[in-house]
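**Q** coordinates for the following, if possible.
(one chain, ligands or ions: 1)
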Amino acid sequence: MAYTLYGSKTSPFVRRLRVLMESTPYDFKELSIFEGQDAITLNKINPLNQIPVLVDGEQTIFDSRVIFNYLNSKHHFQMMDLNEENLLTAIDGAMNAGVSLLLMKRSGINTNEPFMYVQRHKERIESVLDYLKPFIVDRALKTWDFHSMSLYCFLDWATCRDLISIEHRPYCQNFLNHYQEKSILISTQIPKA
Ligand SMILES: N[C@@H](CCC(=O)N[C@@H](CS)C(=O)NCC(=O)O)C(=O)O
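**A** Numbers count the residues shown, from 1 in each chain. Prediction:
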C-alpha cells in the first residue's frame with residue numbers, strides 16, 4: 001500500500017520528506033492547517049496540529065524526524081550514527097527556530113525588538129549555521145542525503161521568507177546555487193505568497 005503524506009507546499013519539514021521520497025510512491029494530501037475543515041482533519045490525525053504526518057496502512061506517524069527514521073528503517077536511505085543524529089538535530093533546531101520566528105511575525109510580534117525569546121531563536125539559527133560550515137563545505141556539496149536535503153529546504157525557505165540573511169555566508173549561497181536546478185527541488189518549490 002502506498003504511503004499518504006499530509007502536509008503543505010510551504011512547510012520546510014514537509015518539503016524535506018517530499019524530496020527524500022522522490023523515488024518512493026506516496027499520495028500527497030495538502031492541508032491548509034490553520035483553518036476550516038482541513039484544521040479539523042489535521043487534528044483528527046495529529047493532536048499536535050502539525051504537519052507533516054505520514055500514514056502507512058494502520059500506522060500514523062507524527063514529526064518529520066520520526067517519519068524519516070521510519071522510512072530510513074524500511075528503505076535504508078543512509079546510515080545514522082550519533083554524529084549524524086547530532087548534525088540532523090542541529091538542522092532541525094534551526095528549522096524549528098525559523099518556524100517559531102515566522103509564527104511570531106504572523107502573530108504581530110515585532111521580531112526586530114530585542115526580546116530575549118526572539119533573540120534566542122535568531123541566535124540559535126546563526127550558531128547552527130556557524131557549526132554547519134565544515135559540514136556544508138566538506139560534505140553537503142558532494143553528498144545529497146537527508147542532511148543536505150533538510151539543509152536545502154531550511155535555507156531556501158528561511159531566505160524566501162526573509163527570516164535570515166545569508167549575504168555574509170557565501171558557503172550557504174554556494175550550497176543553494178549548487179542544488180537549485182535539481183528537478184525534485186524545482187517540482188517542490190515553495191509558493192512565493
Ligand atoms: N517537529 C515537527 C515540526 C513540524 C512543524 O513545526 N510544522 C509546522 C509547519 S512548517 C506546523 O505544522 N505548524 C503549525 C503549528 O505549530 O501550530 C516536525 O519535524 O515535523
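
**Q** how about the residues of the chain by the ligand?
**A** Those residues of the chain that sit near the ligand, judged by CB under 6 Å from any ligand atom, are 11, 13, 33, 49-52, 63-65, 99. To be clear about C-beta, it is placed using only N, CA and C from the backbone, and glycine gets the same treatment.

**Q** quick check: can you list the domain ranges of the protein?
**A** Domains of the chain are assigned by automatic domain parsing as 3-75, 82-187.

**Q** if we can go back for a sec, select only the buried ones of the residues of the chain next to the ligand in ChimeraX?
**A** A single ChimeraX command selects the buried members of the residues of the chain next to the ligand (16 or more other CB atoms under 10 Å):
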select :11,13,33,50,51,52,63,64,65,99
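
**Q** could you list the residues in contact with whichever helix in the chain runs longest?
**A** Across the chain, the longest stretch assigned as helix under DSSP state H is helix 82-106. Contact with helix 82-106 is made by 12-13, 64-65, 78, 80, 111, 118, 121-122, 124-125, 128-129, 131-132, 135, 146-147, 150-151, 153-154, 157-158, 161, 163-164, as judged by CB atoms under 8 Å, 6 or more residues apart in numbering.

**Q** what of stretch 36-46?
**A** Contact partners of stretch 36-46, identified using CB under 8 Å, 6+ apart, comprise 6, 31-33, 49-51, 53, 55, 60, 62.

**Q** for that stretch, list every residue counted as buried.
**A** Quick answer for stretch 36-46 (16+ other CB under 10 Å): 38, 42, 45-46.

**Q** could you dump the residues you listed to TSV with secondary structure and pLDDT?
**A** Formatted as TSV, the buried residues of stretch 36-46 follow (DSSP: H, G, I helix; E, B strand; the rest coil; pLDDT from 0 to 100):
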residue	secondary structure	pLDDT
38	helix	95
42	helix	96
45	helix	97
46	coil	97
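
**Q** among those, which one lies nearest to residue 187?
**A** The shortest approach to residue 187 among those belongs to residue 38, at 22.3 Å (CB to CB).

**Q** and that closest one, how far is that from residue 61?
**A** To residue 61, residue 38 is 19 Å away according to CB to CB, to the nearest Å.

**Q** show me which pair in the residues of the chain next to the ligand is furthest apart.
**A** Comparing all pairs in the residues of the chain next to the ligand by CB to CB, the longest separation belongs to 33 and 65, at 18.5 Å.
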